[in-house]
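Q: let's see this in three dimensions:
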Amino acid sequence: MRYWKGTPLNEALDRHVRDGKPLGGTSAGLAILGSASYGALDGGSVTSGHALSDPLGEAVTLDHDFLHLPFLARVVTDSHFGARDRLGRLVAFLARAEHDGLVEQPIGIGVDENTALCIDGDGVGRVFTESQGRAWLVRARERDAVLGIATPLSAQDVRVTLVGPDSRIDLVTFDVDAPLFTTTAVIHAGELALEDALPEPP
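A: Here you go, the predicted structure:
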C-alpha cells in the first residue's frame, strides 16, 4: 500500500469504483479494502496475542485514506480470519483506528479462507464459500476500550456475529438477517474471552 497510495494507480482504482464497477481482493488485497487497513509495515504479520498485548505498539501499523469504497467507509477488514485466529487482532485494530482518529466508530469485517463476501449496489452483502467459511462482523456497542502505551487492551461488549451463505448483511446499517451465530467478546488485560463458544462450521 505504501507504494500505491497517492499514485495515479490509486486514483484509477477509486475512479473504477466511482463508475460503479466491481472491485475485490484476496488476502492482503482484502485487507486494504477497508477505510483503515493493516499494512504490516514492520515487515511481519502481527498475531492476535501481540496486537491485544500492545495495541498502540509499532507492530499494529494501520493506514487510511487509500481506497474509498462507498459501503466500507467505517470498516476495517481482515483475511484468513478463522484459520489464523484473527478475532483478537481485529478488535485491537478497531480500538487503534478509533484511538488514532482514522475511523469514527469503526466496524470490523473478517473473512475466512476460500470464502467471499460479495456486496451488491444496495450495500447488501452475501457470503459465498465451498469450504464452510464465514464472514465475521465485529463491533463494539460502546466506546469503552481502555488502551495506552505498552498497555494491554481491555474492552467490554464487543459484539461478534457470524455471517453464512444463508445470511444477509446490510453494509449501511450493519444489521444481519439470519446470522449463523452471535456472541459477545470481553477483553481484559489483553485476554479475549467469548460469552458463548463458537460453533464448529456446519
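Q: next helix or strand past the worst-scoring helix or strand of the chain on mean pLDDT?
A: Least confident element among the helices and strands of the chain, by mean pLDDT, DSSP states H and E: strand 146-148 (a mean of 85). Next helix or strand after strand 146-148 toward the C-terminus (DSSP states H and E): strand 151-163.
Q: helices or strands up against whichever helix or strand comes after that following strand?
A: Toward the C-terminus, strand 151-163 is succeeded by strand 168-170 as the next helix or strand (DSSP H and E). When contacts are defined as 3 or more Cβ pairs under 8 Å, 6 or more residues apart in numbering; DSSP states H and E, strand 168-170 sits against strand 124-129, strand 176-177. C-beta coordinates here come from the backbone N, C-alpha and C atoms, glycine included.
Q: same question for the last one, mean pLDDT?
A: Pointing back at strand 176-177 there. For strand 176-177, mean pLDDT is 98.
Q: paired strands for whichever helix or strand comes after that strand, with orientation please.
A: Proceeding N to C from strand 176-177, the next assigned helix or strand is strand 181-188, under DSSP H and E. Paired neighbours of strand 181-188 in the sheet (DSSP bridges): strand 151-163 (antiparallel), strand 191-194 (antiparallel).
Q: residues contacting strand 181-188, please?
A: Contacts to strand 181-188, defined as Cβ atoms under 8 Å, 6 or more residues apart in numbering, come from residues 52, 87-88, 91, 138, 153-162, 176, 192-196, 198-199.
Q: report the next helix or strand after the top helix by length along the chain in sequence order.
A: As assigned by DSSP state H, the longest helix anywhere in the chain is helix 87-99. Downstream of helix 87-99, the next assigned helix or strand under DSSP H and E is strand 107-111.
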